[in-house]
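J.: Quick one, structure for this:
(2 chains)
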Amino acid sequence: MSKNKAKQVQSVRGMHDILPEDQKYWRYIQKKIEALIEYYGFERFSTPILEQAELFTRSVGETTDIIAKEIYTLKTKGGDVLALRPEGTAPTVRAYLENGMHVKPHPVKLYYLDSMFRHDEPQAGRYRQFHQLGLETIGDGSEAVDAELIFLANKLLESIGLDNYNVQINSIGDQNCRPAYIKALRDYFRNRSKNLCANCKVRLKENVLRILDCKEEGCKEAAKEAPQMVDFLDEHCRLHFKHVLEFLDEAKVPYILNPYLARGLDYYTRTVFEFVPDENASSQSTLIAGGRYDRLIEQLGGSKTPAAGWAMGVERIILAMKEKQVHVPDSGPKPKVFLVQLGEAPKRKALPLFESFRKAGIDAKSSLGRDSIKSQLRIAHRLGVRFALIFGQKEALDSTIILREMDTGVQETILLDRIVDEVKKRLKDKPIAGPLPAMAEEDALAKH
RNA sequence: GGGGCUAUGGUGAAGAGGUUAUCACAGCGCUCUGUGGCAGCGCGGUCACGGGUUCGAUUCCCGUUAGCCCCCCCA
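T.: Numbering: from 1, shown residues only, chains lettered A, B, ... in the order given. A predicted model of the protein is given here:
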């Protein structure tokens, strides 16, 4: 009896579908972005999913986890090594240089909302293909830029309806003052290396800064009295940092100084920051992170150009919204009219009729595949429409149609020519009330 | 790279070492081309895959895979 069903092909590990019922979150976030980010002068743009792998090794840094273990690379038949982009800043800078954007008035302010790829273990709010909103301000080294970016990140989360996070901030200096700090740090940890975890022993050679935010007990203990970057900042960096903080104070953006915050990408200089959930949130993954990268444009072959930016994990934002039960408006207005057709002739005439409702700006639905009036009315009911139009053989012959008020069940036969106007008139007289469909929606939400 | 939990129709659940594997909702079909808020009836599961224990396993054990989650790291 059991027919041999073909084996189903599954999605790739760590990749997920974004289903219709979740689209409203995306639409909602996108609207907030447009309202806020575009108002502040950022223009949307996009880069290809694939880049030369070298772009990332040269910018993000070979020893970072993102490059060392998470990047997806592939070799073309011609022998090029390409990579699925794991982040958006390097491609942005590449596009900035390649398209000669340096001749535009500076700063150039860009944003993107695109897929990124990292071969990481999937878990809460972490996918191998995920989406980032990224902002980049290129060509302005002033403190105001850092502050504006952080301010916008904060405003964006606020406008989305999130408030259970902290803004952590630090300065990691620049090429002038950081080496001295790195040296001091290395000396410091070298004396305590026996207490460090295996990872951190490697970091001691390759990336000492990262030992600072290691979560291993021994490392945390060892890091307790580690020298802090603030004490090593040269005059320029110190003032820059100070001014950024003053801007934030002025803009009433609350922040926490985290002297040990060090980002996982090599291109950062001076200001770095992270928006992390506070203790009340069940998730602990960073929502937004970014900083200044004054050297990156040079590193990628451009002239000396300061820049700063951040990226937000969209899936994480949606997760946080669901956790917080942020109310997201419905995807669209409910249909007002359902067209019930019975039989061949009415079915044929239904399509033009349907189209005349669309032209009149009235949202109508129908189910042309179905035959019985019962099942069609049931669907009409479920959709929560105000009117059902019943169009059978009789009506098709007389060029009439039955207009049924779903609430009362009262029916009236209307001339076919007049039906659109009649519906329009009734909708105007008594606009639909009742949050019934919205409630159903919330129930569906609660299940998630 | 390390670890934890889980796997039963589409979804959510229940279930027992033994011959028809329950239930709810959804889907589809029919009753039914003429009236919607629980109408009736029917159809969907080799109980994830592979192996072991056993007379017998979907149930117990091991492995694999996948999902969820934690560490690491990150958005």
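J.: now stretch A:373-382, how far from the centre of its chain.
T.: 38 Å (C-alpha atoms, centre = their mean, to the nearest Å).
J.: If you count neighbours, what's buried in that stretch?
T.: Along stretch A:373-382, these residues count as buried under the neighbour rule (16 or more other C-beta atoms under 10 Å): A:Gln376, A:Leu377, A:Ile379, A:Ala380. For every residue, glycine as well, the C-beta is placed using N, CA and C.
J.: Using CSV, write down the CA coordinates of that stretch.
T.: What follows is stretch A:373-382, C-alpha atoms only, in CSV (Å, rounded to 0.1, in the frame of the first residue of the first chain):
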residue,chain,number,x,y,z
ILE,A,373,-21.0,27.4,-1.7
LYS,A,374,-20.5,26.0,1.8
SER,A,375,-16.8,25.7,1.6
GLN,A,376,-16.5,29.1,0.0
LEU,A,377,-18.6,30.8,2.6
ARG,A,378,-16.5,29.1,5.3
ILE,A,379,-13.4,30.6,3.8
ALA,A,380,-15.0,34.0,3.5
HIS,A,381,-15.9,33.7,7.2
ARG,A,382,-12.4,32.8,8.2
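J.: Does that stretch reach RNA strand B?
T.: Yes: using C-beta under 7 Å from any atom of the strand, stretch A:373-382 reaches RNA strand B at A:Ile373, A:Lys374, A:Leu377, A:Arg378, A:Ala380, A:His381.
J.: which ones are touching the residue lying closest to A:Asn170 once chain neighbours are set aside?
T.: Nearest residue to A:Asn170, sequence neighbours excluded (C-beta to C-beta, 6 or more residues apart in numbering): A:Leu261, at 3.9 Å. Neighbouring residues of A:Leu261 by C-beta atoms under 8 Å, 6 or more residues apart in numbering: A:Gln168, A:Ile169, A:Asn170, A:Leu212, A:Asp213, A:Val272, A:Phe273, A:Glu274.
J.: now swap in A:Gly309 and tell me
T.: A:Thr89, A:Thr92, A:Gly134, A:Leu135, A:Glu136, A:Thr137, A:Leu149, A:Gly290, A:Gly291, A:Tyr293.
J.: same thing but at 10 Å, please
T.: Going by C-beta atoms under 10 Å, 6 or more residues apart in numbering, A:Gly309 touches A:88-89, A:92-93, A:109-111, A:134-138, A:145, A:149, A:290-293, A:296.
J.: So which residues of the stretch 201-350 of chain A form helices?
T.: In the stretch 201-350 of chain A, the segments counted as helices under DSSP state H, counting those that start in this stretch are A:217-223, A:235-250, A:296-299, A:314-324, A:344-359.
J.: could you say what helices and strands the first one packs with?
T.: Contacting helix A:217-223 under the criterion 3 or more C-beta pairs under 10 Å, 6 or more residues apart in numbering; DSSP states H and E are the following elements: helix A:178-190, helix A:198-206.
J.: Out of the helices and strands in chain A, which is least certain?
T.: Across the helices and strands of chain A, mean confidence by mean pLDDT, DSSP states H and E is lowest for helix A:436-447: a mean of 36.
J.: which one is A:Leu55 nearest to, not counting chain neighbours?
T.: A:Ala90 (5.2 Å).
J.: is A:Ile138 in a bridge, and if so with what?
T.: Judged by DSSP bridges, the bridge partners of A:Ile138 are A:Val108, A:Ala307.
J.: hey, what's the closest residue to A:Leu353 other than its chain neighbours bridged with?
T.: For A:Leu353, ignoring the flanking residues on the chain, the nearest one in space by C-beta to C-beta, 6+ apart is A:Leu339 at 6.7 Å. Per DSSP bridges, the residues bridged to A:Leu339 are A:Ser366, A:Leu389.
J.: got the contact list for the nearest residue to A:His106 once chain neighbours are set aside?
T.: Spatial nearest neighbour of A:His106, chain neighbours left out: A:Gly139 (3.2 Å); criterion: C-beta to C-beta, 6+ apart. Contacts for A:Gly139 (C-beta under 10 Å, 6+ apart) come out as A:96, A:101-102, A:104-109, A:145, A:297, A:305-307.
J.: which one of those residues sits closest to RNA strand B?
T.: Set against RNA strand B, the nearest of these by C-beta to the nearest atom of the strand is A:Ala307 (15.1 Å).
J.: For A:Cys219, report the pLDDT, please.
T.: Looking at A:Cys219, its pLDDT stands at 73.
J.: Which pair of the buried residues of stretch A:373-382 spans the longest distance?
T.: Greatest spatial distance among the buried residues of stretch A:373-382 (C-beta to C-beta): A:Leu377 and A:Ile379, at 7.3 Å.
J.: Give me the common contacts of those two.
T.: By C-beta under 10 Å, 6+ apart, the residues touching both A:Leu377 and A:Ile379 are A:Phe338, A:Val340, A:Ala388.
J.: Can you add distance to RNA strand B and neighbour count and give the residues you listed back as a markdown table?
T.: Converted to a markdown table, those look like this (distance: C-beta to the nearest atom of the strand, whole Å; neighbours: other C-beta atoms under 10 Å):
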| residue | distance to RNA strand B | neighbour count |
| --- | --- | --- |
| A:Phe338 | 10 | 25 |
| A:Val340 | 8 | 25 |
| A:Ala388 | 7 | 25 |
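J.: any chance of these in JSON lines, plus pLDDT?
T.: Listed next are the shared contacts of A:Leu377 and A:Ile379 as JSON lines, based on pLDDT from 0 to 100:
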{"residue": "A:Phe338", "pLDDT": "91"}
{"residue": "A:Val340", "pLDDT": "90"}
{"residue": "A:Ala388", "pLDDT": "91"}
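J.: Contact partners for A:Gly173?
T.: A:179-182, A:229-230, A:232-234, A:236-238, A:240-241, A:269-270.
J.: Validate this expectation: it resides in a strand.
T.: No: counting by DSSP: H, G, I helix; E, B strand; the rest coil, A:Gly173 is not part of a strand but coil.
J.: follow-up on the earlier one: since we're on the residue nearest to A:Leu55, how many residues are nearby?
T.: 25 (other C-beta atoms under 10 Å).
J.: Unless I'm misreading it, it sits right up against A:Met116, doesn't it?
T.: No: A:Ala90 is beyond contact range of A:Met116, at 11.3 Å (criterion: C-beta atoms under 10 Å).
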